[in-house]
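K.L.:
Please work out how this folds:
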Amino acid sequence: MRPPIDHADPVGYALGLAAGLDAATIVVFDLSHVDNRPELVCDDFDLVTVCPPQTWARTAAAGW
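P.N.:
Below you'll find the model as predicted:
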């Protein structure tokens, strides 16, 4: 999924969609897809990168 080309906050756009879908995990190819800031995702979701294969667990308690 891609945000519109001219969207000011593409990471925020994707996180909003994921929240609306009640997703538990965001999978990206590498950290550049989240501006090299996994903490942007890990407040609410688990993050998995394909290259290098790595997982970051969410920092917020599920359901809180």
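K.L.:
Give me the mean pLDDT for stretch 32-48.
P.N.:
Averaging pLDDT along stretch 32-48 yields 94.
K.L.:
Now residue 11: which helix or strand?
P.N.:
Using DSSP states H and E, residue 11 falls within helix 10-20.
K.L.:
Residue nearest the middle of this structure, spatially speaking?
P.N.:
Nearest to the mean C-alpha position of the chain, by Cα atoms, centre = their mean, lies residue 41 at 4.1 Å.
K.L.:
how close does the residue lying closest to that residue once chain neighbours are set aside sit to residue 56?
P.N.:
Among residues not flanking residue 41 along the chain, residue 47 sits closest, at 4.4 Å (Cβ to Cβ, 6 or more residues apart in numbering). Every residue, glycine included, has its C-beta placed from N, CA and C. According to Cβ to Cβ, to the nearest Å, residue 47 stands 4 Å off from residue 56.
K.L.:
before we move on, what about residue 25?
P.N.:
10 Å.
K.L.:
For these two, indicate the residue with more neighbours.
P.N.:
residue 56 (18 against 14; other Cβ atoms under 10 Å).
K.L.:
and for residue 47 and residue 56, which residues touch both?
P.N.:
Residues touching both residue 47 and residue 56 (Cβ atoms under 8 Å, 6 or more residues apart in numbering) are 38, 41.
K.L.:
so which strand or helix has residue 55?
P.N.:
Counting by DSSP H and E, residue 55 is part of strand 54-56.
K.L.:
avg pLDDT for that strand?
P.N.:
Here the average pLDDT along strand 54-56 is 96.
K.L.:
in its sheet, what does it sit against?
P.N.:
strand 46-49 (antiparallel) (DSSP bridges).
K.L.:
so how far is the strand it pairs with from its chain's centroid?
P.N.:
7 Å (Cα atoms, centre = their mean, to the nearest Å).
K.L.:
now swap in stretch 40-53 and tell me
P.N.:
6 Å.
K.L.:
thought the residue nearest to residue 41 was touching residue 28?
P.N.:
Yes - using Cβ atoms under 8 Å, residue 47 is in contact with residue 28, at 7.2 Å.
K.L.:
Quickly list what's touching both of the two.
P.N.:
With Cβ under 8 Å, 6+ apart as the test, residue 47 and residue 28 both reach residue 34.
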